[in-house]
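Undergrad: Generate a structure from the sequence data that follows.
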Amino acid sequence: MQGDLADRFARLKEKVLVKRPVLDEILKKRGSKKLLEYSHDYVDVNLPPTIPRRQNEFLGVVAEVVESRFDKKLADSVVNQLKKYYFVSTADHDGPITHPFFLNSNLLTAAAMADHSDPAIQNVIVLACANISVDNSSFPRGLFFHNVREGKLQTHRMSFFSANTRPPAVYTLPPYTKVEVEKILKELKIKLDKGEIGAMEHEKMTQLMQEVYDQPEVYNSASYMEQISKTNFKLWPRLFATSKVKLPNLVYLELEDIVVRLLIKHHLYEHTILNHILFDLTYEPYINQYFEGIFGSFSRADESGTYLFWALPKGSKRNLQLWRKGNFLVSKDESYKIELKPEIIQKAMEEKELIPSLLLAFATVSFYYGVKCLGGFNQVNYLTHMKNGYIKMNVDIGNYRSIEVCARAQTKEICDGLTFAFMEYGDHEVGLASGPDLILYGKEDSWQRLVDSAKQITFEEALTPLMPEMYKISYDKKEWEPELESITEKELSEMIGLHDKAEPCIEIPKD
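TA: The predicted model follows:
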């Protein structure tokens, strides 16, 4: 049976990598590296020598946001770090540090930073994607934790927003209020009374809600995104507080918000290539030629993606795709139409009626400003393809300055999907820990166990359990082969002996 699984997995892996040639290249070159060794390359940034003015524009906007949400001391720390180590993570969905994928990506970055002695390295800086569904599987609208009841692993979700009050995207969520926090506290008490959670879990989760989420400076926020920025900063150091380890700060911002600020401040009214991409009709054929069909960009044939922006008019229950028609962006049914004029686009972005697409976001942050963006298994592919398209477009136009900056943009670093923060439960069962799980069940040696695991397992071993999910994302459901579709993360982890090499950093006690 094990041999059969190995054969089926080899076929599944081949099918995944056919769709992701950049990932295939990374695995061949660096798959055998130990996970912690691989992550050391995050801080190795190929900064173009001709970029100081652009870098200062980017740093100025980031500093402005960090200082407005926290203080000047933290803003200065972030700027000083980025001047020397010009990279951020763009792997996360905007939400509490709960889901294992995003928890692990930031823990891996923190572990890599711990091995560097430069005092300038003080922060894990994240530009999270906020233009995701509130109902996304990563559960951006709240927190979840696990416990064991009657020998089975149970998941407990606590949402700040009920089903009938949720807009379509995290980007437009209003701030939660004290009413929502009180509701969660009441739910925790009900779970305790019903015996669904124990006294320890109730006490610690109640304390977490009160000390992190039930705070005046958090309520005094303009949006849920801003609240997440503030609360993740407070939540993060608690993950390994029992281990008495000082983690670098987690500075959590929104990719779209940073892009909007950069566009308004430096591109809507200035002669830059981003201005031409937005408003110059002569650029449209190049955009269509070099970006259409790339995952994360747009395709008229497949009716996927969008042209530069998503529209979210007030009262709309979903994002609207936009297509360029002359000097307008128009939805498919023409119910929405907006003229491509700087002052009109500025107003729509400020009111969150227009949301930058992935293509526009990365053309701004990665290709124009040259920031190294750590990402996931999808990002390394589409970002590399987008970069190649951007360079070809600029070759045709003769814009050699933009080619020089973009050519050195690094697009092939993975931090998401590399799981090494495991929990043990039941009869030596192993699963992926959530953020609150680390707080609930952490021990003095939890951090050291985590680091030791990152030293033991390879990059490819850490990525292998994710392959079944990659397969299902890569192909339409009608294309799934039953014998490949049935392969599970647990089977693959056992096949490669992952859990023998990666010791769980926490254990959930039996009930």
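Undergrad: what residue ranges in the stretch 351-500 of the chain are flagged as low confidence?
TA: Within the stretch 351-500 of the chain, not a single segment meets pLDDT under 70.
Undergrad: Can you list the buried residues in stretch 461-474?
TA: 461, 462, 463, 464, 465, 466, 467, 468, 470, 471, 474 (16 or more other CB atoms under 10 Å). Backbone N, C-alpha and C define where each C-beta goes, glycine included.
Undergrad: what are the phi and psi angles of the last one?
TA: This means residue 474. phi -80, psi -20 (degrees, to the nearest 10).
Undergrad: Please tell me the pLDDT value assigned to the residue nearest to it when sequence neighbours are not counted.
TA: Excluding the flanking residues, the one nearest residue 474 by CB to CB, 6 or more residues apart in numbering is residue 19, at 4.3 Å. pLDDT for residue 19: 92.
Undergrad: and residue 19, how many neighbours?
TA: Per other CB atoms under 10 Å, the neighbour tally for residue 19 reads 16.
Undergrad: between the buried residues of stretch 461-474, which is closest to residue 347?
TA: Nearest to residue 347, judged by CB to CB, of the buried residues of stretch 461-474 is residue 474 at 39.2 Å.
Undergrad: need the helices for the stretch 351-500 of the chain, in chain order.
TA: For the stretch 351-500 of the chain, the helices defined by DSSP state H, counting those that start in this stretch occupy 358-362, 379-397, 400-407, 435-441, 446-456, 459-463, 467-474, 482-485, 489-495, 498-501.
Undergrad: Ok, the stretch 151-300 of the chain next?
TA: Under DSSP H, counting those that start in this stretch, the stretch 151-300 of the chain gives helices at 178-193, 199-208, 216-219, 224-235, 255-266, 273-279, 284-291.
Undergrad: With distance to residue 411, mean pLDDT and mean neighbour count as extra columns, can I get those helices in a markdown table?
TA: Formatted as a markdown table, the entries for those read as follows, by distance: least, CB to CB, whole Å; pLDDT from 0 to 100; neighbours: other CB atoms under 10 Å:
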| stretch | distance to residue 411 | mean pLDDT | mean neighbour count |
| --- | --- | --- | --- |
| helix 178-193 | 39 | 97 | 15 |
| helix 199-208 | 37 | 98 | 16 |
| helix 216-219 | 35 | 98 | 13 |
| helix 224-235 | 25 | 98 | 22 |
| helix 255-266 | 15 | 98 | 22 |
| helix 273-279 | 18 | 97 | 19 |
| helix 284-291 | 15 | 96 | 17 |
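Undergrad: picking that back up, let me know the closest of the buried residues of stretch 461-474 to residue 363.
TA: residue 474 (24.6 Å).
Undergrad: where does the residue nearest to residue 474 sit relative to residue 450, distance-wise?
TA: Separation of residue 19 from residue 450 (CB to CB, to the nearest Å): 31 Å.
Undergrad: now stretch 487-506, how far from the centre of its chain.
TA: Relative to its chain's centre, stretch 487-506 lies at 24 Å (CA atoms, centre = their mean, to the nearest Å).
Undergrad: quick one on the thing from earlier: got a markdown table for the helices of the stretch 351-500 of the chain, with distance to residue 5 too?
TA: Converted to a markdown table, the helices of the stretch 351-500 of the chain look like this (distance: least, CB to CB, whole Å):
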| stretch | distance to residue 5 |
| --- | --- |
| helix 358-362 | 35 |
| helix 379-397 | 26 |
| helix 400-407 | 43 |
| helix 435-441 | 29 |
| helix 446-456 | 22 |
| helix 459-463 | 16 |
| helix 467-474 | 12 |
| helix 482-485 | 10 |
| helix 489-495 | 6 |
| helix 498-501 | 14 |
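Undergrad: Can you check which of the ones you listed gets nearest to residue 213?
TA: Proximity to residue 213 (CB to CB) singles out helix 435-441 among the helices of the stretch 351-500 of the chain, at 11.7 Å.
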